[in-house]
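Novice: only the shape, not the letters, is given here:
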């Protein structure tokens, strides 16, 4: 194929094929378009003879799509999830350390599976170093509770500093599917202690959302949260501002009319009685 064969009508037809024939979502369609844009941005300075065709392809916009409100765990739900790990078994202690680290740091599942023992620094200024998305290195501080859990786990597992921090029974790196499976097992068990978990789909990315919401509730600026999570753009972090009703209620409380009573409206008993008899 020559670059001239990949014109805007062909690219548009391919994108329509993804949606209508292959049944891909709008997100997938936009991801494919982003890859095509990257190719044509690379080709633009090296093939000026195709500048007009390249410009038309680069002008193809991504499609808008509905964004669902993110799912995150409350503190009781986090405690129930961690409490579901059986600390009398090797697997339970490994999973407890993994989930505790995930909830506190917000690491992606690929970053968790790629960790080695050498990436954990438990001395002064305890932190975890990871090679994250986009081939970017970042350092995330560890809380005292997480340091205690990881110190016990590393002391028990021992071994080569270059070995996987959370291995399977054969000493190999845990797969993404293995982590998601273990998380599903613990979620089903934790429902007995915290029934609200039954209404949520808990994945490894849910733990990442939980970290962000914890930081947001603590008053941390969204720019710092973006750095903490390794977001390329601060706009990605803005989704967490829409996830919690309490944050919006605080904003509303600051703008209430003069003379209005603070807090939520509480209807009188007479109104409630009248509504119950309808």
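Specialist: Sure thing, it's come through. Source: prediction; values computed, not measured.
Novice: can you pull out the strands in the chain?
Specialist: Assigned strands in the chain, in chain order: 120-121, 127-132, 136-141 (criterion: DSSP state E).
Novice: by mean pLDDT, flag the weakest helix or strand of the protein.
Specialist: Ranking every helix and strand in the chain by mean pLDDT, DSSP states H and E puts helix 245-254 at the bottom, with a mean of 66.
Novice: so what's residue 116 bridging to?
Specialist: residue 164 (DSSP bridges).
Novice: for residue 57, give me its contacts.
Specialist: 6-8, 11, 36-37, 40 (C-beta atoms under 8 Å, 6 or more residues apart in numbering). All C-beta spots, glycine's among them, are computed from the backbone N, C-alpha and C.
Novice: ok, 6 Å please
Specialist: Contacts of residue 57 were listed using C-beta atoms under 6 Å, 6 or more residues apart in numbering, and they are 8, 11, 40.
Novice: so residue 73 sits against residue 210, correct?
Specialist: Yes. With contact defined as C-beta atoms under 6 Å, residue 73 and residue 210 form a contacting pair (4.6 Å).
Novice: hmm, back to that, which of the contacts of residue 57 fall within helices?
Specialist: Among these, the members falling in helices (DSSP state H) are 8, 11, 40.
Novice: reformat the residues you listed as CSV; add distance to residue 133 and pLDDT.
Specialist: Below are the ones in helices among the contacts of residue 57 laid out as CSV (distance: C-beta to C-beta, whole Å; pLDDT from 0 to 100):
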residue, distance to residue 133, pLDDT
8, 30, 92
11, 26, 94
40, 23, 94
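Novice: so which of these comes closest to residue 228?
Specialist: residue 40 (33.7 Å; C-beta to C-beta).
Novice: any idea how many residues pack against the closest one?
Specialist: Neighbourhood size, residue 40 [other C-beta atoms under 10 Å]: 20.
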